[in-house]
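*Asks:* Let me see the structure of the following:
(chains A and B)
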Amino acid sequence: MVVGNPNVGKTTLFNRLCGLRAKATNLPGTTIESRQGTVNCDRHRLTLIDMPGVYSIGLDQPEANALSRCIAGELTGTPTPDAALIVLDATNLARNLRIANEILRTGIPCVIALTMTDTAARRGLSLNTEKLESYLDCPVVPVIARSGHGIQTLKAAIPRASVSTASLPDPMDEVATSNWCDGVVREAAGGTVAVTNRRLSDRLDLAAVHPVLGLILFATIMGGLFYVIFALASVPMDLIELIFGHVGGWLTSVLPEGAIRNLVVDGVVGGLAGTVVFLPQILLLFFLISLLEDTGYLARAAFVMDRLMRRFGLPGQAFVPMLSAHACAIPAIMSARLIPDRRDRLAVVLVAPFLSCSARLPVYVLLLGVLFADRPALAGLVFAGCYTLGIVAALLSALLARRTLLKGRARPMVLELPDYRRPSLRTAALTAWDRGWLFIRKAGTVILGIVIVLWWLSAYPTSDPPPESIALRQQAVAVVDTPEADALTAEADELANRSAMANSFAGRIGQFVQPVFDPLGYDWQLTVGVMTSFAAREVFVSTMAVLVAGGDDVDDPAIIQRIEQAKTDDGQPMLTPSTAASLLVFFILAMQCLPTLAVTAREAGGWKWALLQLVWMSAAAWVAAWITRMLVQAGGFA
Amino acid sequence: MSCATTLSELCAGAEGILLDADSQNSEGPLLRAMGLEPGQRVRIARQGEPCIVEVRGARIGLSSDLSRQVQVTPAT
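*Replies:* So this is what the prediction gives:
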């Protein structure tokens, strides 16, 4: 078990010891995350658990409770730890000794790793390890986690962990503890007590948390982060889609035609592609956040945003997840772990999908094209309005959630501001790897299953082509002129595709639930489009393409045009201005992403939260879409 | 001896000695665990929202709600 204060280099040390042989899991029975890994020390293979950083095990915090229960062996599912590796920051030893004292007094065998000894030495602070060992009565190993210095010595020392018999103060007696901590440091350091390089930190802090300058700095950094995720992730995402497309094509050519081929190509390969495609964004986001966190900037940024977010009942740390939700809600929800308070975290997880993710873009483009075909300036304005509506809905929902369901006093912000330093690429890469792997293991499997089920719903039962289609095909055979025959065949395929979609389970469900969407002005075709979008929004455009245009090449302008000009079964235009506007609002607000629900269920700790998210968002979307339609119609449009 | 005041009243750059802070402050245990213990010398690195204090070599940011609740004696 690895324990210590926050920001002492615990995770860096853990990564040094375990490398890639580590994975993030929740402590059994809690929503507290810990990482587990293995390390080979002195011919022993040990399992290390990296506990969350806490200042004291006596604090009324979920992390502190989990830690004290873990030491006492009260966490069912986690064996009582054999020993504790206490990580202490040499530059701030007096305060760090407080938790060391608490752990040593529990009677668990301990080893102490003294980190940041290089920084301490640079500040003219040298600690006498032997003296510390004699005061604490357990092995003390100075390490530099970043460079790996001292790691071998530490590995050799871990099996020598011993129960301390030193005379230690009672942690409940704060005065005695404080005096003891100062005394130990005085003895070990030969009189000097730690100082920070205050001038540089002071100046940087003044800029970083400044009401105006800090905001500009923050906006620049976050804008850069968002841009990088948006711009860079699209390359590997396109590549993933291309590769899976080729694999699908190859499998189509080698497998015999039939249900098995459909399952493998459209279900499994399509499902895998739909899962893996999220990975680039997840990896990039966590890599960049980890870098930012490591520099020490993120703690300052939390204060800058706290002034703004607090009005909506959210803490400053909620900003990063809410910004990255504009690329994709899945990595955003996963990054909500940055938020310390559980109620705050749940609120962010619940409302993050309101923010317009990149999957909504094609739908916005299609519908804005219908609404403002010849007025690009207005289209641009409404486009910005779509994003604004998402943000407003998210913030108001968060406020509502914090006032009702997640009621509780907002805790005033208090955060340690770690020293500024150069971020470690190694830590960032490991964090990204960890998150990516966690996503694949936990959410990926659920997402794959969902995608397969939805594919099955839209592909089965297969139906015979309608008589009109067969008649057209017969005509095509009779016609000698090749272009004309091709045109007839294409039209026959179109009719067959459309009828297959209408007769599939998804199509039938769409027709069945159409009355629900009737007040919003959607006919059964649009309803099927909306229903299939519940798997993932980007499906909408391709479903509509199949339904009304008989092709699925959504890059073809002719197909888009045909969607725009499509008719309902009784010959009326399918997408009138009022329908298109209400559809646009529906897509902005509705929870139409099953993969996100799977991630919400995992991060919030239960499917009830995912269900709440689905119901709340969809209900809000329906109501807002209905109001929009009424308003547009009241404005004199069809 | 100068009279007691709160962290939020000290100027940036000023130092103070923390007093026994067993007020109704619910964050008291956390603040003490973070090093803001009675008798400790603190230096104000920045005043306002947030208030940044330096104590035992660590820098801690406090929202002004909290810095208004922490009692100190100004020190030179």
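*Asks:* okay, CA-based contacts and neighbour counts for the rest of this
*Replies:* Noted.
*Asks:* Is the longest helix belonging to chain B in proximity to chain A?
*Replies:* Assignment by DSSP state H gives helix B:28-33 as the longest helix of chain B. Yes. Using C-alpha under 8 Å from any C-alpha of the partner chain, helix B:28-33 reaches chain A at B:Pro29, B:Leu30, B:Ala33.
*Asks:* ok, and the most crowded of these?
*Replies:* B:Ala33 (22 neighbours; other C-alpha atoms under 10 Å in any protein chain shown).
*Asks:* Not counting its neighbours along the chain, what's nearest it?
*Replies:* Of all residues not flanking B:Ala33 in the chain, A:Tyr55 sits nearest, at 5.4 Å (C-alpha to C-alpha, 6 or more residues apart in numbering or on different chains).
*Asks:* any idea which helix or strand carries residue 60?
*Replies:* Chain wasn't specified; assuming chain A. Assigned by DSSP states H and E, A:Asp60 belongs to neither a helix nor a strand.
*Asks:* looking at chain B here, not the other one
*Replies:* B:Ile60 belongs to strand B:58-62, assigned by DSSP H and E.
*Asks:* Contacts for the helix or strand following that strand next, please.
*Replies:* Sequence-wise, the next helix or strand downstream of strand B:58-62 (DSSP H and E) is helix B:64-67. Helix B:64-67 has contacts (C-alpha atoms under 8 Å, 6 or more residues apart in numbering or on different chains) with A:Pro412, A:Met413, A:Val414, B:Thr6, B:Leu7, B:Ser8, B:Gly48, B:Glu49, B:Pro50, B:Cys51.
*Asks:* Tell me which of those fall in strands.
*Replies:* A:Val414, B:Thr6, B:Cys51 (DSSP state E).
*Asks:* List only buried entries from the residues you listed.
*Replies:* A:Val414, B:Thr6, B:Cys51 (16 or more other C-alpha atoms under 10 Å in any protein chain shown).
*Asks:* re earlier: does the strand holding B:Ile60 reach chain A?
*Replies:* Yes. Looking at strand B:58-62 against chain A by C-alpha under 8 Å from any C-alpha, the contacts come from B:Ala58, B:Arg59, B:Ile60, B:Gly61, B:Leu62.
*Asks:* what does that strand contact?
*Replies:* A:92, A:196, A:303, A:412-419, B:49-54.
*Asks:* could you redo the last one with a cut-off of 7 Å?
*Replies:* A:Asn92, A:Met413, A:Val414, A:Leu415, A:Glu416, A:Leu417, A:Pro418, B:Pro50, B:Cys51, B:Ile52, B:Val53, B:Glu54 (C-alpha atoms under 7 Å, 6 or more residues apart in numbering or on different chains).
*Asks:* I'd assumed B:Gly57 was in contact with the first one.
*Replies:* To tie it back to what came earlier, the one meant is A:Asn92. Yes. At 5.8 Å, A:Asn92 counts as touching B:Gly57 under the criterion of C-alpha atoms under 7 Å.
*Asks:* Show the average pLDDT along stretch B:4-19.
*Replies:* Average pLDDT, stretch B:4-19: 87.
*Asks:* Ok, stretch A:273-286 next?
*Replies:* On average, stretch A:273-286 scores 80.
*Asks:* Ok, stretch A:598-606 next?
*Replies:* pLDDT averaged over stretch A:598-606 gives 88.
*Asks:* Check which residues of that stretch are buried.
*Replies:* Buried residues in stretch A:598-606, counting neighbours by 16+ other C-alpha under 10 Å, are found at A:Ala598, A:Val599, A:Thr600, A:Ala601, A:Arg602, A:Glu603, A:Ala604, A:Gly605.
*Asks:* Just the residues you listed: which are in helices?
*Replies:* Those of these mapping onto helices are A:Ala598, A:Val599, A:Thr600, A:Ala601, A:Arg602, A:Glu603, A:Ala604, per DSSP H.
*Asks:* out of these, which touch chain B?
*Replies:* The overlap between those and the neighbours of chain B (C-alpha under 7 Å from any C-alpha of the partner chain) is empty.
*Asks:* Looking at those residues, which one is closest to A:Asp205?
*Replies:* A:Glu603 (32.6 Å; C-alpha to C-alpha).
*Asks:* quick one: A:Ala189 from A:Phe244, how far?
*Replies:* When distance is defined by C-alpha to C-alpha, to the nearest Å, A:Ala189 is 61 Å away from A:Phe244.
*Asks:* sorry, that was for A:Ala373
*Replies:* Taking C-alpha to C-alpha, one finds A:Ala373 at 34 Å from A:Phe244.
*Asks:* Same check on A:Glu416?
*Replies:* Counting by C-alpha to C-alpha - A:Glu416 and A:Phe244 are separated by 46 Å.
*Asks:* ranking the contacts of helix B:64-67 by neighbours, who comes first?
*Replies:* Of the contacts of helix B:64-67, with other C-alpha under 10 Å as the count, B:Leu7 tops at 30 neighbours.
*Asks:* Spatially nearest residue to that residue (excluding sequence neighbours)?
*Replies:* That would be B:Ser67: by C-alpha to C-alpha, 6+ apart, it lies 5.2 Å from B:Leu7.
*Asks:* what's around A:Cys593, how many residues?
*Replies:* For A:Cys593, using other C-alpha under 10 Å, the count is 21.
*Asks:* Pull the most distant pair out of the ones in helices among the buried residues of stretch A:598-606.
*Replies:* Of all pairs in these, the most separated under C-alpha to C-alpha is A:Ala598 and A:Ala604 at 10.1 Å.
*Asks:* List the residues that contact A:Leu597.
*Replies:* A:Ala610.
*Asks:* shaky segments in chain B?
*Replies:* In the predicted model of chain B, residues B:1-2, B:20-25 satisfy pLDDT under 70.
*Asks:* interface residues of it facing chain A?
*Replies:* Within chain B, the positions near chain A by C-alpha under 7 Å from any C-alpha are B:29-30, B:33-35, B:45-46, B:50, B:56-63, B:65-66.
*Asks:* repeat that for 6 Å
*Replies:* B:Ala33, B:Gly35, B:Gly57, B:Arg59, B:Ile60, B:Gly61, B:Leu62, B:Ser63 (C-alpha under 6 Å from any C-alpha of the partner chain).
*Asks:* Tell me what the fifth one is bridged to.
*Replies:* For B:Ile60, the beta-bridge assignment (DSSP bridges) gives partners A:Glu416, B:Val53.
*Asks:* is it true that A:Ile86 lies in a strand?
*Replies:* Yes. Counting by DSSP: H, G, I helix; E, B strand; the rest coil, A:Ile86 is part of a strand.
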